[in-house]
Structure formats: structure tokens, C-alpha cells
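>>> turn this into a structure:
(chains A, B and C, ligands or ions: 2)
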Amino acid sequence: MKTLLKIDRVIENIQTYLCMALFILILILGSVQVFGRFIFHAAPPWTEEAMRFCGIYLTFIGSALTIRVDGHVSVDIVISFLKSNKVRAALFVISRLICVVFLIMFFPGSIALVQKSGSSLGAAIQIPYSYIYAAVPLGIVMMLCSYASAIPKLAKQYAKGEK
Amino acid sequence: ACGGGGGGAASGGSSSGSASSGSSGGSGEPEVVLEFGHIQNPGHALYIAPEELKPLVEERSGGRIQLNIYPASQLGSAREMMEQVTMGTLDITFADASDWASALNLPELGVFNLPFLNKDLASQIKVINEIIPEAVPEMLEGTGLKLLTTYSNGIRQPLLKNHPINTLEDIKGLKMRTPETEMYVNLWNALGASTVTSAWSEAYTVLQQGVADAVEADDVGLVSMNLQEIGKYMSKIGHLSQAYIVLINEDKWNSIPEDLQQILVECLAENQAKQLADREALGIEAEKTIADAGVEINEVSDAERQRMRDACQSIYDKYADEYGQADLIAQMEALNG
Amino acid sequence: MIPIAVVTLLVFLVVGVPVSFAIGLSGLLAILFGSDIAPFMAVQQAVRGMNSFSLMAGPLFILAGEILGGAKLSKRILDFCRACISQVRGGLGMVSVLANMIFAGISGSGAATMSAVGSLTVPELRAAGYKRSFIAALIAGSGALGPIIPPSTNMIVFASLTGFSIGKLFIGGLIPGIIIGICLMILCRWYAGKHNVDAGSGAFSWKNVWKAFKNAFFALITPLIIVGGVISGVFTATESGIVACLYGLICGFFIYRTLHLKDLVNIFKRAASSSAMLMMIMGISNIYSYIFARENLATTIKNFMLSVTNDPTLVVLIIIVLMLVIGCFMETLAATAVILPIVYPIVTSLGVDPLVFGVIFSIATVVGGLTPPVGLYLFLSMNIAEAPFKEAVKYVAPVVLIVLAVMILAYLFPPIITFVPNLLMGA
Ligand code: NA
Ligand code: NA
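Ligands and ions are numbered 1, 2, ... in the order given. As a prediction, the model looks like this:
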């Protein structure tokens, strides 16, 4: 149990620092674009594309952080009207397991897309699009790790009536 | 090209997906269903041609072919649709030659977008009719794609606020708004201008507020954004020719019975001829709108245009040496007469 | 495909599956069992929905809000507002509204605005005698100003889906936002008079205002940098997001020295988490847009709508009411991503000014956050004000009415929206 918690902590840190790095990279690229235009009267044409690609990675990895705080918006009318904590906990687990099912079903498609898009290049940055699509399977793995940690933790809170 | 000739940057919306099943005259189910996706919105010069192709093909084939058209980026941006056609989840799409070049990792396709290659629409049409049908199928070998036809999206021209361009020196120090495409940026930098890249939807603001003092697009595209309201000069240097290449997934093409392939080829020839003629008419109309708005339109001398082209020699060298396109470039330049 | 997609989506939503994943799974099931489309197309479409430069402005303004909140700029803004208007009856309520309006000029999302300013004002408002229920409604209302006063994530979403100019939309929201803010202040005055609380304290002095202004100067000019940059065309919205973040970091680390390196981890973590939520919805709902396009739903809906009426006002009304109803039950961004690409071409083909429609539509999506039973701003404000749901709802009603009234007014008198952008950025 202790080692599992430790592993979870490490994974969370990886997710956090990756997101931070991506955000900082976006800020740097954006600054190059803005200041390049003001100071050198020419911004490189690839900053915009690079920022979009970082944004895609940020979305998929950041989504794993969102899962940890259960921050993906949901319609929680039913759960808010239920009285029994046990039933609420059960509904929570079921709904989040449906997310897990989605992620697992989404995975093969993401791998197929990565394999198929190797010869397609970005318009400004000439890198294969498979590197961009690789954000999806990576993000799915990250999100599944987050769910493995978040579902038991939050279900307990629901069962105890803390949520 | 993103943000090129009007509405290219708009994603999402569309009004008339004409993907109805209404095929005429045939008995029952069509034998071949073709899905044709593209990025242009209603009102754009390139939106019309596929709309006209549909009834033509469906009638001529007696309903044996059904052509479904998905305009206005409904199925994805140009990039995603090019991927889809390669992967076989969409049958047909069109894009600028240089867009195909990066999407297919075939840099030699970009040769049709070389700066100052076609001086006017007439020479562009010669390239479309005489060069592309020979050269492109060869380039496409092994990609799983087949050339269906080529449309024209006109010739790009700069529209300026402060002074016209008569000589190469007039370009020095200009701040030119371009799309975020490498070729455009490199071309203007080679000519001595600095560039401001922006989404096409922001072009009006960028020019009006003086962030850029010139924009460049084809005549129809300029009018579609009302840019003639702010620009004072249009100098017809013809720096970039936009041939829109229409490709079909090769497996899909091979699955079409031969007699239907023949009908398609005939319809496409007719459709293309009409598109090229219409584009010319639209261009004349757009230029009139620009002139009526008080914009001063000027031509540049052949000698001066040659100087501008020579300023971009490094770009030509790359295509001649690295991608082995020297012969093709010579052939195309000869067409300028 | 569409029946499978819609039925499974409803089931997943009712069970409480997070919206983005519910859309993803129902879309995937529709593709797998209702078509012969390869499932990797769903992945391509999801990524396509995120692969937009204008949409990148969303995460950047979320980050800017977090940085400026973390640098405690909200407190300085609040002090300045206090010096300006706390002297009149209802003044403390007005201070909270005004501070929210200024912070809304920095942050793109309502939630960031509310947590930055709202939490600071509650104790004071309580001490002055305001009921928790009113405080909650007030915070919810001024939080809703976040995405109406530029910058605005809702408008970023609108622009990225339609290709319309973000800059113009931003500036179009300015006057409606200010009118709503003023109405909320009048509401405070009315409440304080009716319940005889917060008679106002201290005397107004220009000296105090000047002192507070100097103290808050760098915070107060942030909205001017952002709005000014967008109006002048010097930056795009996305770039002004970059500038706002850099400016916030400079303020926090060098000018006010209120930020510390260790704060950054949490700031980035929170911003990444909210950004991913937004971008995930935008991405995954694109699977639906793809399915709808393949099934040619746009034409069906267009024909249906035009068979009912081709009066532009009525069509806009139907769309807005639809968004308001959906907004009662769920976060509206997902609905926007699915519905807007279908209805936008219909609306523009009827000759409605896309700028007016864009601002009205964005306000409608904001109202969804206020209306019970499910409303993001409502929940958050109940949390901040520690007010129970039943009571908070009572005072939210007038707030919702104010926002709706301003929305209708702006539609009837479009210059409210179009005057400033057309003046500064051209028609
Ligand atoms: Na805002
Ligand atoms: Na609601």
C-alpha cells in the first residue's frame, strides 16, 4: 500500500512538472512571437504551430491532473439529490468507471492514428504529425493512472459523506 | 493555404452540406458513393466548382455515381482532410500545392507555389492545363493518391496603404501581413519586407490599425474581407500563384468501374474548364470592385518583376538543387512568354 | 449514428459521467456500431478540436488569472475600489462588484475572477450586515461578468468555432459588461436601503483615492494593456494572453514581490487542470461535430428551422432560448461546441450581424452558469459565501433578470455592442 502511494505521488509529480514545463514553453514561444515582431520586426513562422502542439500535449497531460481533483465538469443533479452516502459513492464509482471504459476504447484508435500519420508533416515545423498524435495515447495512460488513484480516494469520501 | 483566399481560416460552420442522397434518373442505390470534403465557405470562388460537379456527375452517370460534398471544413481543416484522404476515410479533397507538400511530405509539390512563377492568370492556367497533369501524377507515385483535377484560386497580389510597388526597392521596409505559412514569410523576407502573420479573420484589423502596412491575397479574397476599404494601392506583381490540386484516394479510384471512371474524367474536364473561366470572370469583377473603391491599381515592368524574382533566387535554388525540379521550373517559366 | 450518439449521451450525462468523456464515449459507440467509419477518426477529430491557435488564448487567460490572483493583485484592486465608492449606502457591495469588473478585465474565466475577488469581500460584507444569500448571488453575478468583460473564454470558444474576429467580440462585450456591472451596483444600493444595512462609511477624499490608485497602479493598468493591445491590433487575443501572463509574473516577482517560486507549482497546476478541462471539452465534442457533418444534420436542422420561420429575430430567439434551457442543466461550453457550428451559418445567412450574435450568444452561455439546478458560478459562490442552495437561489433571480435584460436590450439596440468595436476597429 505504501509503495503504491509512493508511486502515485511520483506519477502526480511527473504530470505536474510536465504541465508546468509545457506552459512555460508556450510562454517562451509566445514571447518570441510577440517580441520578435516588436524588436526584430519579424516573428518566426513556426511559433504559432509550436504553441498549438504544446497546447495539445498540455490538454492530454493536464487532463490527468483535472481527474485527480475530479475537475472535469459533470451534470451532478442525480447525485446531489441522492440521500444515501453508499448509493452516492456507488454512482460516483460507476460514472467514473464509464470514463475508464472510454479511455480504454479510445486507446487503439490513438495508436492506429499515430501509426498512420508518420508521413504527414507540420506546415511550419517539419515534424511528422505522429509525434503530435502521440499526445493521445500518452495522455490516456496518464489519465488511467490518475483514475486508479482518484476513484478509490474520492469514493471513500462519498461513502463517508464528506463530499 | 491557411488564411489565403478568403474564409480559409474559418472552421466549423457551413450552411449547405449538399450531401443529400438525391441522385437523379437512376434505378435504386448508386454503385459508387464519393465523399468530397473541402474548407471553402459558401460565397467563396472555390465553393462553386464542387457544387456544380455534383449534379453533372450524378446526371451523366444516370445516378450510378453519388457525389456527397462536405464544404466549409465540416470534416476537418485542410490538413485533417488531406490526412483523411491519405488514410482512406475521405475520398476527395482539394488544397493548395504547398499544403499538400507538407501533408504528404512531398516538398517537390511546393514547386507550383514558387514566388513570381506565373505572372498572370493566363500563364497559371497554362501550368494547370499543360504542366500539372504531367508532373503531379509522377510526384504522387507511391503515396496512394491520384490527381483528379486542378482548380485555380487566382494569383496573389499585395494591397498597400502608403505607397505602390513599382520597383524592388519599394518593397524594402514594408510590413506585410501574411498567413502563417513558411513560403510566404520567406518570400517577403527575401524581398526585404518584414512580415506580420495573423489569422485571415484578423487581416482587416491588422491593416486598419497599421500593425501591417500591406496585406496580400488573391483579388477575390481581398474583396471578400472588404480590404479595398482600407488599402490605397494594389500593385500587380503577382508574387504567388495558387493552383488548387484536387486529389482522390487511389484505392477508391481503382474500385470504380472503368466506364464510370471514364464518365468522371469527362465531367471533371468540363467542370475544370468552367471553373477556370469563372475564376477569370470573378477576378475581373473583384478588380473592378477594388478600383471602384478608389484603390490605385498598377502593373510593374517585366524587368522589375524579374529583379524581384531574382531576389528570391535562394528559394529557387532549393527547389532546383535539393528537390531536383530545375527542368520543371524552366518549363513553367517559359510559359510566361 | 445519431440515435446511438444521443441516447447513450443522455444516459451517461444523467449518471453523472463528466461531460467530455460522456460525449467521447457516446460518439465512439455511434461510430463503432452505427457506421463503417474507422474509430481512429474519432481521435483525429478530438485533436483537431484542440489544434487551434485562437483557442490557445483560453489556457493563457486562465493562467493569467491564476498568476495575478496568486500575486494578490486582487487585494490592491479591492482597496482602490473601496477608496472610490465605499462611502455611499450599499457601498461595500458596490466595491465587490467594481473590483470584480476590473479583475474581469484581466481574467478570461468567471471562476478565477470569483475566487480571486469574491473570497476577499465576504467577511466585510457579512460584518456590514448583508445576508449570506445576497452575498452569494452578488458574487455569482459579478463572477458572470468575467466572461462578458474582455478577455473571455466563452468568446474565445465562439471565435475558434466560427472563425469570427476574437478582437471584435472581446470589445463588443465591453459595454454590455459595464451595464450589467452598473445594474448590479444599483441592486446593492436597493438591497442596502431595503434592509437598512451598510449605510456607507468614511468620507470620500481624492487624496485617499490617489493613494490607493498609486498602490494598485500596475494592477489597474493590466486590463488596459490587454484591451488596448487587442483593439490596436498589436496583439492577437492569444498574444495578449501571453503578455498578460508575463506582466503578471513581472508584477508578482519584481514590482510587488508578492509571488514566490514555490507558489508557481500550484499556480501552473491549477491553470493546467482548468485549461485541460476546457480544451478537452472543445476537442472531444468535435467528434460529435464530425458525426453530425457525416449525417448532414446541419442541412436537416437548417431546413427544419427555416420551415418554422425565416425571421432572423425569431431564429436567434429560438437559439438563445435553447442555450438558456441547456444552460440550466449543464456547463454550456460543451453544448456550444456541438450546436454553434450548425446554427452559426443559418444565422449569418439570414443577415444577422455575426458580432451582435456572438456577444448575445456568449452572454447566454454565461447565464447558464447562474441558473439552477446546475450552475458553475452559482455553486462556486455558494461555496465562497457559505450560503445554502435554497437561499442563494432566491437572490440569484434578480441577477439573472439583469443579465437577461441587458442581453435583450443589446439585441434590440445593437450599437450597445457594435459601437465601440466599429469605431475603433472598423466595420
Ligand atoms: Na474577462
Ligand atoms: Na445552469
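
>>> CA only for contacts and neighbour counts going forward, please
OK.

>>> name the helix or strand for residue C:235, please.
Counting by DSSP states H and E, there is no helix or strand that carries residue C:235.

>>> likewise residue B:34?
Counting by DSSP H and E, residue B:34 is part of strand B:32-37.

>>> cool, residue B:195 as well?
Going by DSSP H and E, residue B:195 is in strand B:194-197.

>>> swap in residue B:247?
strand B:240-249.

>>> about what we covered before: contact partners of the helix or strand following the strand holding residue B:195?
Sequence order places helix B:203-208 as the next helix or strand after strand B:194-197, per DSSP H and E. Residues from elsewhere that reach helix B:203-208 (CA atoms under 8 Å, 6 or more residues apart in numbering or on different chains): B:177, B:212-215, B:225-227, B:230-231, C:232-234, C:425-426.

>>> re earlier: in its sheet, what does the strand holding residue B:195 sit against?
Strand B:194-197 has the following strand partners under DSSP bridges: strand B:175-178 (parallel).

>>> and the strand it pairs with, which residues are buried?
Neighbour-count burial for strand B:175-178 flags B:175, B:176, B:177, B:178 (criterion: 16 or more other CA atoms under 10 Å in any protein chain shown).

>>> for residue B:116, phi and psi?
Torsion angles at residue B:116 (phi, psi; degrees, to the nearest 10) stand at phi 60, psi 30.

>>> which helices and strands sit right next to the worst-scoring helix or strand of chain A on mean pLDDT?
Ranking every helix and strand in chain A by mean pLDDT, DSSP states H and E puts helix A:77-81 at the bottom, with a mean of 81. Helices and strands touching helix A:77-81, by 3 or more CA pairs under 8 Å, 6 or more residues apart in numbering or on different chains; DSSP states H and E, are helix A:85-116, helix C:2-15.

>>> and the contacts of stretch C:347-359?
Under CA under 8 Å, 6+ apart, the answer for stretch C:347-359 is B:15, C:155, C:158, C:164, C:168-169, C:172-173, C:310-312, C:315-316, C:411, C:414, C:417-418.

>>> select only the buried ones of those residues in PyMOL?
Buried residues among the contacts of stretch C:347-359 (16+ other CA under 10 Å), as a PyMOL selection:
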select buried, (chain B and resi 15) or (chain C and resi 155+158+164+168+169+172+173+312+315+316+411+414+417+418)
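
>>> low-scoring pLDDT stretches of chain C, where are they?
Low-confidence segments of chain C (pLDDT under 70): C:427.

>>> for it, which residue occupies the most central location?
residue C:147 (2.5 Å; CA atoms, centre = their mean).

>>> pull the number of nearby residues for residue A:36.
By other CA atoms under 10 Å in any protein chain shown, 14 other residues sit near residue A:36.

>>> can you list the buried residues in whichever strand or helix holds it?
Assigned by DSSP H and E, residue A:36 belongs to helix A:2-39. By neighbour count on 16+ other CA under 10 Å, the buried set for helix A:2-39 is A:8, A:12, A:15-16, A:18-20, A:22-23, A:25-34, A:37.

>>> out of those residues, which touch chain B?
The subset of the buried residues of helix A:2-39 within reach of chain B, by CA under 8 Å from any CA of the partner chain, is residue A:37.

>>> for the nearest residue to residue B:159 once chain neighbours are set aside, give me its contacts.
Closest residue in space to residue B:159, ignoring its immediate chain neighbours: residue B:234 at 4.5 Å, by CA to CA, 6 or more residues apart in numbering or on different chains. The contact partners of residue B:234, by CA under 8 Å, 6+ apart, come to B:157, B:158, B:159, B:160, B:164, B:295, B:296, B:297, B:298.

>>> run me through the strand neighbours of the helix or strand where residue B:234 lies, direction for each.
Taking DSSP H and E as the criterion, residue B:234 maps to strand B:233-236. According to DSSP bridges, strand B:233-236 has the following sheet partners: strand B:145-160 (antiparallel), strand B:296-299 (parallel).

>>> any idea how far the last one is from the middle of the chain?
By that I understand strand B:296-299. On the basis of CA atoms, centre = their mean, to the nearest Å, strand B:296-299 sits 23 Å off its chain's mean C-alpha point.

>>> buried sites along it?
Within strand B:296-299, the residues scored as buried using 16+ other CA under 10 Å are residue B:296.

>>> for burial, what's the neighbour tally of the residue in chain C that chain B sits nearest to?
Of all residues in chain C, residue C:163 sits closest to chain B, at 4.0 Å by CA to the nearest CA. Look at residue C:163: counted by other CA under 10 Å, it has 21 neighbours.

>>> residue B:138 is in what secondary structure piece?
Secondary structure assignment for residue B:138, by DSSP H and E: helix B:132-139.

>>> ok, the residue of chain A found nearest ligand 1 to chain B distance?
Using CA to the ion, residue A:27 is the residue of chain A that sits closest to ligand 1, at 19.8 Å. Applying CA to the nearest CA, to the nearest Å, the value for residue A:27 to chain B is 18 Å.
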